[in-house]
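>>> heads up, no residue letters with this:
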């Protein structure tokens, strides 16, 4: 009996040792499962931050070189004329490693439009090499087609261009007055027209001036999408101070069109004065009638 009792104790002891060994293994696996995603996430997050830092430094190097060698007026010209800022310190911040400010796509697109700096130069795969940057810019400028060479409908009118060049302020009502709260429900958009007929506004929307025989167009592509905005005005109405225009664009955040009457001025008016000149919004703005759009859509439905 004593022997049997001892054997049983050994068996129980062996079982317990194996049980706790397995239990320890299970706990280790459990903690490993928890730790691995956390560790992986930590590594990925830090790698992403490092990649972002390297990308920002690369863009800064390229920007400094381009400003010094390809922008005639330097940082001030780029900040105030191309980007529409009041001070050049914005561009200075873009060139400084210690600041959080960084060049955005809209800035790159504006530089391409006005200064003919190809967009692909800013790509992370395009290394910082002064010779390669020079070659890319020269090649881009040599192959760039001028709007004047693209068709025969529009003409060269140097006198009109001289009258239009420089800074203007566009005054129009937005589709949603709440989108212009800072200016009391009216859009006041600083717009610059350049020697080469390129046009850039305060928000970085860029395009071209197309001069016709009797009427002219400003065609712009918004920085956040590819929907065209078309501004039409009569050449006869252009003066050195003010002229009216008709603008066809999409309503805020939709693909629904609207037509606005507005005016350009060399003067920056207060919102109150601008609204006095524009008058009643309902008389100078026409939005797409959704009932009309629905009837047209029904005509396009294929019968079953």
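All right, it came through fine. In this text, all values refer to a predicted model and were calculated from it rather than measured experimentally.
>>> The host helix or strand of residue 273: which residues count as buried?
According to DSSP states H and E, residue 273 maps onto helix 271-278. For helix 271-278, burial by neighbour count (16 or more other C-beta atoms under 10 Å) applies to 271, 274, 275, 278. All C-beta atoms are positioned from the backbone trio N, CA, C, and that covers glycine.
>>> Equivalent analysis for stretch 257-270, please.
In stretch 257-270, counting by 16+ other C-beta under 10 Å, buried: 258, 260, 261, 262, 263, 264, 265, 269.
>>> Between the residues you listed, which sits nearest residue 153?
Among the buried residues of stretch 257-270, residue 264 lies closest to residue 153 (C-beta to C-beta), at 22.5 Å.
>>> helix, strand or coil for that closest one?
strand (DSSP: H, G, I helix; E, B strand; the rest coil).
>>> Contacts only, for it.
Residues near residue 264 by C-beta atoms under 8 Å, 6 or more residues apart in numbering: 168, 169, 170, 171, 191, 233, 242, 243, 244, 245.
>>> Among those, which one sits closest to residue 112?
Of all the contacts of residue 264, residue 191 has the smallest distance to residue 112: 17.8 Å, by C-beta to C-beta.
>>> is it fair to say that closest one lies in a strand?
Yes - according to three-state DSSP, residue 191 belongs to a strand.
>>> Could you list the low-confidence segments of the stretch 1-150 of the chain?
Counting by pLDDT under 70, the ranges of the stretch 1-150 of the chain that qualify are 1-48, 97-101, 145-150.
>>> ok, back up a step: tell me the one of the buried residues of stretch 257-270 nearest residue 138?
Among the buried residues of stretch 257-270, and counting by C-beta to C-beta, the member closest to residue 138 is residue 264, at 35.3 Å.
>>> how about the nearest residue to that closest one, chain neighbours excluded?
Leaving aside its chain neighbours, residue 264 sits nearest to residue 168 (4.4 Å; criterion: C-beta to C-beta, 6 or more residues apart in numbering).
>>> roughly how far apart are that neighbour and residue 73?
19 Å (C-beta to C-beta, to the nearest Å).
>>> Of the two, which one has the most company?
The residue with more neighbours, out of residue 168 and residue 73, is residue 168; 24 against 13, by other C-beta atoms under 10 Å.
>>> what's the pLDDT at the more buried one?
pLDDT, residue 168: 96.
>>> That one belongs to a strand?
Yes - according to three-state DSSP, residue 168 belongs to a strand.
>>> my guess is it meets residue 188, correct?
No - judged on C-beta atoms under 8 Å, residue 168 makes no contact with residue 188 at a distance of 10.9 Å.
>>> can you list residues touching both of the two?
Counting by C-beta under 8 Å, 6+ apart, nothing touches both residue 168 and residue 188.
>>> For residue 243, name its beta-bridge partners.
As for beta bridges, residue 243 partners with residue 264 under DSSP bridges.
>>> go on, residue 220?
Using DSSP bridges, the bridge partners assigned to residue 220 are residue 207, residue 229.
>>> Please list all residues in contact with it.
Per C-beta under 8 Å, 6+ apart, neighbours of residue 220: 199, 201, 205, 206, 207, 228, 229, 231.
>>> make it 6 Å
205, 207, 229 (C-beta atoms under 6 Å, 6 or more residues apart in numbering).
>>> Please apply the same query to residue 78.
71, 91.
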